[in-house]
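Engineer: this is a predicted model, with the sequence first.
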Amino acid sequence: MDSEPEVTEQEEDGPPDFKQVAVTTVFCVRLNRRTWFPETQVVDGVTFATFSKWDSALCKLVHRKALNRHKAKSTMSLSCEWWDCVSELRTDARNRALHENLMKSVEAGEKPPRLRPARDEDRFLVAKSVAIELPPIVDGEGEGHACRCLWKVKSKDIHIELTNENVAHVLASLACSPPAEKKRKEKPIKASPKRRRRVKRRVSEEMPVAEASGNDEPEAAG
């Protein structure tokens, strides 16, 4: 018996098929009257929340204003030094875990393997999450905070274990972290045709002229 074609909500004429109901768990972070529903994923029984600098709801939770990148208005974003700092900590933790795993597999008398940076597929060999020490909320003051984050090599987002302590530390850090410095791309200066002709003429005038060697007058016959 052929399976029935999938019917979309617009094409559905009869009563809804209540057998298609799915119950999902949604996490909500509350701060006063503001709320944030983070994207989550469960890995090895542990729930991790996704922190992204382009998350408008997260920006509103931290700064009380939604994300705004409009040039004509005042910029409000989560672009700060915290992201690069935590990303480097995550990279160091990945590489350290990989190197320890490679060294454990070396038997006595064998040549140690070549150490390399961790790759995304190494999470199946080592671990799907690593332990890191988050920086203090205020740079140089207070203590750091230990937590776990997903391996994630190609993602710029930070995936941290979803607990009250972890979320509170991250939100406070984002609120206090200095803004990230904008990297300006230097555009190459294109010379005008007139300037190119002037430079070419000056170079040709400065080139040395080869002089003929020897005496111009013929030698007298003896």
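Structural biologist: Now that the structure is in, tell me what you want to look at.

Engineer: need the helices for the protein, in chain order.
Structural biologist: 56-63, 81-104, 164-176, 193-206 (DSSP state H).

Engineer: which one of these is the most hemmed in?
Structural biologist: helix 56-63 (a mean of 20; mean count of other CB atoms under 10 Å). Just so you know, the C-beta spots here come from the backbone N, C-alpha and C atoms, and that holds for glycine as well.

Engineer: please export the C-alpha coordinates of that one as CSV.
Structural biologist: Provided in CSV are the C-alpha atoms of helix 56-63 (Å, rounded to 0.1, in the frame of the first residue of the first chain):
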residue,chain,number,x,y,z
SER,A,56,19.2,39.7,19.3
ALA,A,57,17.3,38.3,22.3
LEU,A,58,20.5,37.6,24.2
CYS,A,59,21.7,41.2,23.5
LYS,A,60,18.4,42.5,25.0
LEU,A,61,18.8,40.3,28.0
VAL,A,62,22.4,41.7,28.7
HIS,A,63,22.0,45.4,27.6
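
Engineer: need the CA coordinates for stretch 98-112. CSV is fine.
Structural biologist: Below are the C-alpha coordinates for stretch 98-112, written out as CSV (Å, rounded to 0.1, in the frame of the first residue of the first chain):
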residue,chain,number,x,y,z
LEU,A,98,44.0,15.7,21.8
HIS,A,99,47.7,15.7,22.6
GLU,A,100,47.1,13.9,25.9
ASN,A,101,45.1,11.3,24.1
LEU,A,102,47.8,10.8,21.4
MET,A,103,50.5,10.5,24.0
LYS,A,104,48.6,7.8,25.9
SER,A,105,48.5,5.6,22.8
VAL,A,106,52.3,5.6,22.5
GLU,A,107,53.8,2.5,23.9
ALA,A,108,57.3,2.3,25.5
GLY,A,109,60.1,2.7,23.0
GLU,A,110,57.9,4.1,20.2
LYS,A,111,58.4,7.4,18.6
PRO,A,112,55.9,10.0,19.8
